[in-house]
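Student: task: produce atomic coordinates for the following.
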Amino acid sequence: LSEVNLQHVPLVSRLYYWRAALNGLNEAPLLGFGPENFGIVFTRYHYGIPFEDMSSQYEDRPHNAFLEVISTSGLIGFAAYLSIWVSVLIALRRAVVSKAIGFWEGMVLFGLGVAYFTFLQFWFHDLTTTVPLLLIAAFLSSSSNHALCNNRPQSTEGVRVRAIVASCGILLLLLFTWQRTIPVLQATQSLARSIMSESLEQSVLTLGTHGLADVPETREFAAADAAALLTLLPEVETIRINTVRFAQVESALAEVERNLNWLTAHDPSNDRWYAYRGDLYLFAAQLGGEGDYLQVARNYYDKAAELSPRRLVPRYKAATTFAIVGDWNAALRTLDIAHSIHPSNGRTYAFEAAVYLAAEDYGLATTALRAAWDNGYCAVQRDLVDILEHYASVKDWNAQAAIMEQFLSTTCGRGPLGREIHLELPLVYLRSGSVDEAIEAAADAAIVLPATKSLVNLFVRDVERGFTSVWARHKTFATAALEFGRSEWETTDIAR
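Tutor: So this is what the prediction gives:
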């Protein structure tokens, strides 16, 4: 908690999940979407979120128990959920006041409750963590009720009325669950199994096989797979030569198209359905289907942008369709529109850098990457590595060192890749013949990575003696020390 890093993927993912949960509350404020149905909320409101900023492409929990309750059970369910916490606190107070438990015992139980309350801000109820809470609540309830029974007679009629009300509530809940929740739970289970097996095409086929794609809520799951299927693009060549998997993917595409046709017909003003259709045809084009699928995909992206002018993702995807065919100018013009909508959006610069890299213009790609970093977008590590490898291949050490320095000067340089670059930069300076800069870079590495502090003294001594290649060995020792968590003295001994 000493530093909040908004570039940390799990944290960023949770922020997206929480935003989706709040959007779900706005749509269904009273009763929510039904228990265990956050998957619907996430599918409905995830579009526009860059998948590379997320730890998962499908999420059935917002990783915040309170937001999960309020989005799936609405304000009514949230009030009932809060009443549980209030009841536990009242039971604790009664137990302490009546001396059923001691004061310090009560403080320990209160502390456990506060710890669990904090834990639920970032996680959800599961069996292993909920059982202790229920045991504590049951203990407090038993203690406080025992004290009340000793001081006040119980009304038999009141107990009977409460039992009838509770039974009616349970029956209504079961009826609601059977009508609205069971089909969606089946869909969620099917998707979870297929996603765990990393078979996206199978998740789509599972929905169709069980007839779940005919349920409006679960159609959205299948439609979202149009975007998820794009993650299979790196496997396109493998899919083409695997006839069984190729047939599965083709069937999945047809199933997704059927669902998207239904969704578009019933909700023609929703830009997400057109964006998903663009994803569908973009994947079909990459898979090698017949017809001008790229143009069809571009038309759907343009329609999505027309319906939601400030949404950037359809414009990014449209730029991708131009980049695939090598029309760099058209791709950059499309990204210029995105710049005009949100000038400080770092992801637009990242897409621009990808276009320049595809066009092999490494100078402009570097400039675009720097703009992405300056605007807080750090999910461009692959592009940075590609640029560094290019400069290394042509032995342009000065250019390589310059972009490394640029990266380290931004907040993006504080992550794992930044630590690797700190260790690599002295070696790059040595290759360029800049000994003083190499010593300075090694000193910076010692500040950022304290485990390498003693190695800097060895490095400076060896460089002064003319052993300018020694840092490669020291860097290896430093990396090993960092990976195994060794202390500074142990690191020095290893280096010696």
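Student: only C-alpha atoms for contact and neighbour calcs from this point on.
Tutor: Will do.
Student: low pLDDT regions in the protein?
Tutor: Within the chain, the stretches with pLDDT under 70 are 1-12, 43-44, 46-58, 128, 144-159, 176-231, 233-234, 289-291, 452, 464-496.
Student: give me the number of residues near Arg382?
Tutor: 10 (other Cα atoms under 10 Å).
Student: helices and strands around the helix or strand where it lies, which ones?
Tutor: Following DSSP states H and E, the helix or strand that holds Arg382 is helix 381-393. Taking 3 or more Cα pairs under 8 Å, 6 or more residues apart in numbering; DSSP states H and E as contact, the helices and strands that helix 381-393 lies on are helix 346-358, helix 362-374, helix 397-408.
Student: residues contacting Gly278?
Tutor: Contacts for Gly278 (Cα atoms under 8 Å, 6 or more residues apart in numbering) come out as 296-301.
Student: in a markdown table, list the helices and strands packed on helix 381-393 along with distance to Gly278 and mean neighbour count.
Tutor: Putting these into a markdown table (distance: least, Cα to Cα, whole Å; neighbours: other Cα atoms under 10 Å) gives the following:
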| stretch | distance to Gly278 | mean neighbour count |
| --- | --- | --- |
| helix 346-358 | 18 | 24 |
| helix 362-374 | 26 | 21 |
| helix 397-408 | 34 | 18 |
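Student: okay if I get these as TSV plus distance to Leu280?
Tutor: Formatted as TSV, these follow (distance: least, Cα to Cα, whole Å):
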stretch	distance to Leu280
helix 346-358	20
helix 362-374	28
helix 397-408	35
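Student: and of those helices, who's closest to Val249?
Tutor: For the helices and strands packed on helix 381-393, the distance to Val249 is smallest for helix 346-358, at 27.2 Å, taking Cα to Cα.
Student: what's the angle from the closest one to helix 362-374?
Tutor: Our comparison of helix 346-358 with helix 362-374, counting by axes from the mean of the first three to the mean of the last three Cα atoms, to 10 degrees, yields an angle of 160 degrees.
Student: in what helix or strand does Leu82 lie?
Tutor: Leu82 belongs to helix 74-97 when assigned by DSSP H and E.
Student: any idea how far that helix is from the chain center?
Tutor: The chain centre lies 32 Å from the centre of helix 74-97; the measure is Cα atoms, centre = their mean, to the nearest Å.
Student: which of the residues in that helix are buried?
Tutor: Going by neighbour count (16 or more other Cα atoms under 10 Å), the buried part of helix 74-97 is 74-75, 77-78, 88-89, 91-96.
Student: check stretch 239-254 too.
Tutor: For stretch 239-254, using 16+ other Cα under 10 Å, the buried residues are 239, 245-246, 248-249, 251-253.
Student: closest one to Ala438 out of those, please.
Tutor: The shortest gap between Ala438 and any of those belongs to Ile239, at 46.9 Å (Cα to Cα).
Student: check contacts around the closest one.
Tutor: Contacts for Ile239 were tallied using Cα under 8 Å, 6+ apart; they are 245-246.
Student: Asp302 touches Arg315, doesn't it?
Tutor: Yes: with contact taken as Cα atoms under 8 Å, Asp302 and Arg315 are classed as touching, separated by 7.4 Å.
Student: could the buried residues of helix 74-97 be laid out in JSON lines, adding distance to Leu287?
Tutor: Putting the buried residues of helix 74-97 into JSON lines (distance: Cα to Cα, whole Å) gives the following:
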{"residue": "Gly74", "distance to Leu287": "42"}
{"residue": "Leu75", "distance to Leu287": "46"}
{"residue": "Gly77", "distance to Leu287": "46"}
{"residue": "Phe78", "distance to Leu287": "46"}
{"residue": "Val88", "distance to Leu287": "57"}
{"residue": "Leu89", "distance to Leu287": "59"}
{"residue": "Ala91", "distance to Leu287": "62"}
{"residue": "Leu92", "distance to Leu287": "62"}
{"residue": "Arg93", "distance to Leu287": "65"}
{"residue": "Arg94", "distance to Leu287": "67"}
{"residue": "Ala95", "distance to Leu287": "67"}
{"residue": "Val96", "distance to Leu287": "68"}
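Student: rewinding a little: which of the buried residues of stretch 239-254 lies closest to Arg382?
Tutor: Ile239 (23.5 Å).
Student: from Asp292, how far out is that closest one?
Tutor: Using Cα to Cα, to the nearest Å, one obtains 20 Å as the distance from Ile239 to Asp292.
Student: please apply the same query to Ala95.
Tutor: Here the distance between Ala95 and Asp292 works out to 73 Å (Cα to Cα).
Student: okay, how far is it across stretch 114-127, tip to tip?
Tutor: As for stretch 114-127, its first-to-last residue distance stands at 19 Å under the measure Cα to Cα.
Student: mind listing what's buried along that stretch?
Tutor: Neighbour-count burial for stretch 114-127 flags 116, 119-120, 123-125 (criterion: 16+ other Cα under 10 Å).
Student: run the chain-centre distance for it.
Tutor: Shown here is stretch 114-127, whose average C-alpha point lies 19 Å from the average C-alpha point of the whole chain (Cα atoms, centre = their mean).
Student: for that stretch, give me every contacting residue.
Tutor: Contacting residues not belonging to stretch 114-127 are listed as 14, 61-66, 133 [Cα under 8 Å, 6+ apart].
Student: now, these that are in helices?
Tutor: 14, 65-66, 133 (DSSP state H).
Student: help me confirm that Glu59 comes into contact with Phe42.
Tutor: Yes: taking Cα under 8 Å as the definition, Glu59 is a contact partner of Phe42 at 6.6 Å.
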